[in-house]
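Undergrad: below is the structure, and that's it, no one-letter string:
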C-alpha cells in the first residue's frame, strides 16, 4: 500500500519573509515589509507565528540563511502560509518566485505577495506566468545593453563577477594572486595529474582543515569550477571577452592540459552507459495513485535496444505503489498535443491576452523602478564628488576602494533598471498574440520545441495507468483530489473523451467549443483550475 501523505499544515498559521539588498536600504525597509504583511494577516485572520529576514542580501541568489531556514521549516510542516511584501522579495525574478511557489505548494504551503495579491484566479496566476515568459522572449536582444558596463570593465582586465579561488582583487582593480589559496590550487592540479581521484583529494583537504573559497568542506562538487578553469593559465574570460595573459598565472598550460585529458578519459569511462536523454517532464509529472513525482529511468533491453520510461519514485524506491511505467517519448508527445489543442484555440488566445494586459498594469503600479533610478542618481552624484576630490589631489587606498565600490554598484543598478524596464514593458495585444501563435506549426518530435512548450504552459501532469490529467493551476488549491475525472477510457491511444465545462468568476474564460481535446474549467473553493483529460497507453 502507498505510504499515507503527511497531513497538510494549517493555512491559518502564517510566517513573514522580508529581505533587502545592500544598496540604499536598512532595517527600516525590513520593518516596513513586516508591517505591511502583518496588516494583511490581520485583515485575513491569519496567525503570524514567526518572521524570517535576510539583510543586505540580493534576491539574485537563493543562498540566504533565513530564506533557506524558512524553506526547511515549510517542508517540515510548521506553517501553511508565507506572507511576503512582493514577489521580488522571494526572488528578483517573478518566474523564479513561481518556481519556489511550486516547491512550497508540494509541501502544502501557500505564498501570498501582499502588495501584488489580487485573487487566486486566472487573471493573476496565468497572466503572471505568461508575462514573465514574454519578458524572457523579448528581452534576449537587450543582453548586450544590460551588461555593457561590465563588458567595458572586462576589456580593461578589471575584476568583474566572482573571483576564482586562488585570486583576489588587486589595488588596481585587476586580479592578483592570493598566495595561500593559490598553493592549494596548484596542489589539486598536481595530484589530479598524477592520477589521484578528486574524492581522495577532498578527503585529504578536509582532514587538514583547509576550507573551500566559500568556507565549506570539500565535496565532489567543490572542484567543478576549479579544475577546468582556464583562468588559472592566465586567460581572462568574461561574457565573450577573452584576453590572453590578462591574469596572473597560477597553473602552467602544460599541467592544465594534462589534467583536462585525465578528466576527459574518466568521463568517457563513467559515461559509457550513461543516458544522455533529457526527460522534459521532470518536475512536472506526478503519480496519480500515490502523488509521488515521476522520474526518468533508462536501460538496455536484452536485444540491445535502449528504453526510456517515466516511473513513480515511490514504486522505484520502496515498491509500495503499483503505478505502471510510461514510455518517455509517448507521454511527452501526448502531453504536447493536448497543450497545443488548448493554447492555439483563438478564444483561449484572446482570453489569455486580456489577462496579460490586465496583469501587466498591476505589475507596473508596483514596480521598484523608481527607487532604483533614485539610487542611481545618488550613486552618480557620489561618483562625481569623488572624482572631483581625486582631481583636487585627495587620493588614498580608502578613496580607491570607495571608487571601486560605487562603480560596481552603478553597474549593478544599471542592470537592475534595464531588467525592471523589461519586466514592466507594455506589451501590446499583437505582440502577445504573436508570441502565443509562434507555437503554431511546432514539431512535437523536436525536443527543443517541447521543452519550450512545457516550460511556458505546463504546471503539472497527474498520470494514471489508463489516463492522464493536466492541470493548469496557478494557485495552491484545486489539486486532483478536488474533483473526480468523468472519463471512462475507451481508446488508450486517443486523447478524446467528453467533459463538461463550467465556470463562475469575474474573468470569463473561453467557452468550450467542439474539439477533440477533453478539458474542464472549474471554480473550486474560489480557485481557478483548468484540467485537460486524456488517455495514454
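TA: Right, received. Where do you want to start? Note that the structure is a prediction, hence the values are computed from the model and not measured.

Undergrad: hey, where'd the strands end up in the stretch 301-450 of the chain?
TA: 306-312, 326-327 (DSSP state E, counting those that start in this stretch).

Undergrad: number of nearby residues for residue 414?
TA: Residue 414: 19 surrounding residues under other CB atoms under 10 Å. (Glycine included, C-beta is placed from N, CA and C.)

Undergrad: residue 11 contacts residue 80, doesn't it?
TA: Yes. Using CB atoms under 8 Å, residue 11 is in contact with residue 80, at 3.9 Å.

Undergrad: who's more crowded, those two?
TA: residue 80 (21 against 15).

Undergrad: residues in contact with that one?
TA: When contacts are counted by CB atoms under 8 Å, 6 or more residues apart in numbering, residue 80 touches 8, 9, 10, 11, 12, 13, 14, 108, 109, 110.

Undergrad: farthest pair within the residues you listed?
TA: 8 and 14 (14.2 Å; CB to CB).

Undergrad: and these two? Which one has more around it.
TA: Comparing residue 8 with residue 14 by other CB under 10 Å, the one with more neighbours is residue 14, at 24 against 12.

Undergrad: that one against residue 84, yeah?
TA: No. Taking contacts as CB under 8 Å, residue 14 lies outside contact range of residue 84: 10.6 Å.

Undergrad: for residue 395, the count of nearby residues, please.
TA: Residue 395, neighbours per other CB under 10 Å, totals 13.

Undergrad: give me the nearest residue to it, chain neighbours excluded.
TA: Leaving aside its chain neighbours, residue 395 sits nearest to residue 389 (7.8 Å; criterion: CB to CB, 6 or more residues apart in numbering).

Undergrad: would you check how far apart residue 397 and residue 303 are?
TA: Residue 397 sits 71 Å away from residue 303, going by CB to CB, to the nearest Å.

Undergrad: scratch that, residue 30
TA: Distance from residue 30 to residue 303, by CB to CB: 63 Å.

Undergrad: which one of the two has more residues nearby?
TA: Neighbour comparison, residue 30 and residue 303: the larger count goes to residue 30, with 19 against 5 (by other CB under 10 Å).

Undergrad: helix/strand/coil for the more buried one?
TA: helix (DSSP: H, G, I helix; E, B strand; the rest coil).

Undergrad: surely it touches residue 17?
TA: No. At 10.4 Å, residue 30 does not count as touching residue 17 under the criterion of CB under 8 Å.

Undergrad: can you list residues touching both of the two?
TA: With CB under 8 Å, 6+ apart, residue 30 and residue 17 have common neighbours residue 53.

Undergrad: shared neighbours, residue 11 and residue 80?
TA: Common neighbours of residue 11 and residue 80 (CB under 8 Å, 6+ apart) are residue 110.

Undergrad: so which bits of stretch 226-235 are buried?
TA: The neighbour-count check on stretch 226-235 (16 or more other CB atoms under 10 Å) flags 226, 227, 229, 231, 232, 233, 234, 235 as buried.

Undergrad: check which helix or strand covers the second one.
TA: Element membership of residue 227 [criterion: DSSP states H and E] is none; it lies in no helix or strand.

Undergrad: my guess is it contacts residue 266, does it?
TA: No. Counting by CB under 8 Å, residue 227 sits too far from residue 266 to count as a contact (11.1 Å).

Undergrad: what's the least confident helix or strand in the protein, going by average pLDDT?
TA: Scoring the helices and strands of the chain by mean pLDDT, DSSP states H and E places strand 518-524 at the bottom, with a mean of 34.

Undergrad: and stretch 195-214, how far out from the chain middle?
TA: Mean C-alpha position of stretch 195-214 versus that of the full chain (CA atoms, centre = their mean, to the nearest Å) differs by 30 Å.

Undergrad: measure that stretch end to end?
TA: Its start and end residues considered, stretch 195-214 measures 26 Å (CA to CA, to the nearest Å).

Undergrad: list the buried ones in that stretch?
TA: Buried, per 16+ other CB under 10 Å, within stretch 195-214: 198, 201, 202, 205, 206, 212, 213.

Undergrad: name the nearest residue to the first one, ignoring sequence neighbours.
TA: Right, residue 198. For residue 198, the closest residue by CB to CB, 6+ apart turns out to be residue 223, at 5.2 Å.

Undergrad: pretty sure that neighbour sits against residue 188.
TA: Yes. If you go by CB under 8 Å, residue 223 and residue 188 touch, sitting 7.1 Å apart.

Undergrad: okay, residue 52: pLDDT?
TA: We have a pLDDT of 94 for residue 52.

Undergrad: A helix includes it, no?
TA: No. Counting by three-state DSSP, residue 52 is not part of a helix but strand.

Undergrad: tell me how many other residues crowd the closest residue in space to residue 238 that isn't next to it in sequence.
TA: Leaving out its chain neighbours, the residue that sits closest to residue 238 by CB to CB, 6+ apart is residue 154, at 4.0 Å. Neighbourhood size, residue 154 [other CB under 10 Å]: 22.

Undergrad: what's near enough to touch residue 154?
TA: Per CB under 8 Å, 6+ apart, neighbours of residue 154: 160, 236, 238, 239, 241.

Undergrad: which of the residues you listed scores worst on pLDDT?
TA: Least confident entry in the contacts of residue 154, by pLDDT: residue 239, with 78.

Undergrad: that one and residue 154, how far apart?
TA: 7 Å.

Undergrad: beta partners for residue 113?
TA: Beta bridges link residue 113 to residue 84 when assigned by DSSP bridges.

Undergrad: quick one, grab the pLDDT at it.
TA: 81.

Undergrad: for it, give its distance to residue 195.
TA: According to CB to CB, residue 113 and residue 195 sit 54 Å apart.
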